[in-house]
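[1] Sequence first, then the predicted structure, then my questions.
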Amino acid sequence: MKTYAGFWQRVKAFALDYLIILGYLAAITLLFLIINRFSSGLQWLFASRIQAQVAVILLLTLPVALYFSISESSIRQATWGKQRLGLKVTDRNGNRISFWRSFARALLKFIPWEISHTLLWEIYFSQGSFSTFINYGYVLVYLLIGLNIASVVITRTKQSLYDLLSGTYVVK
């Protein structure tokens, strides 16, 4: 019989994985500081809202999504955080998922995160000219986060919205 991972187990696993993400962020930040100390070669990355958004997708969102995708489609079926808690990501039959299913799951998981980045760049570059757009954007972000939490709590299989959409399960 399958034991599905509950909300708090999943939060703890993500918190452990976030330590790896923070390490990556610290390394990227340090690298940028070193490069900017000796040249202004990276300022073009953040010259406009679109360039900044693309830079963040390529330097932050994509590597993090790949970390989750590669880890959860591997033989271990889990990220480092999930491994520590004895959790793994499976398909309906308990089998390992493909990289592409895992990648789709990760992209769906990080939609609220990416919308938040988009809104932050909008705030930075527009100086408040689209405040209604930004407010509705954050309502959408919190709605998506709330739906993910509610679906884990409410569904018998403890699936998040992105698990339901990608046909995956997190099991103990």
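    That came through, no problem. Residues are numbered from 1 along each chain as shown.

[2] contacts, neighbours, all on C-alpha from now
    Will do.

[3] how distant is stretch 156-167 from the center of its chain?
    Taking CA atoms, centre = their mean, to the nearest Å, the mean C-alpha location of stretch 156-167 is offset from the chain mean by 15 Å.

[4] and if you look at stretch 18-38?
    Taking the mean of its C-alpha atoms, stretch 18-38 sits 18 Å from the chain's own mean (CA atoms, centre = their mean).

[5] That stretch: which residues count as buried?
    By neighbour count on 16 or more other CA atoms under 10 Å, the buried set for stretch 18-38 is I20, I21, Y24.

[6] I'd like the average pLDDT over that stretch.
    In this model, stretch 18-38 carries a mean pLDDT of 90.

[7] Tell me the spacing between the closest residue to K109 other than its chain neighbours and F110.
    Excluding the flanking residues, the one nearest K109 by CA to CA, 6 or more residues apart in numbering is Y162, at 5.8 Å. Counting by CA to CA, to the nearest Å, the gap from Y162 to F110 is 9 Å.

[8] How about L119?
    From L119 over to F110 the distance is 14 Å, taken as CA to CA.

[9] In terms of neighbours, single out the busier of these two.
    Relative neighbour count places L119 above the other of L119 and F110, with 23 against 17, counting by other CA atoms under 10 Å.

[10] Okay, and that one sits in which element?
    According to DSSP states H and E, L119 maps onto helix 111-126.

[11] chain center to that helix, what's the gap?
    Here helix 111-126 is found 14 Å from its chain centre; the criterion is CA atoms, centre = their mean.

[12] Show me the strands in the chain, by range?
    88-90, 169-171 (DSSP state E).
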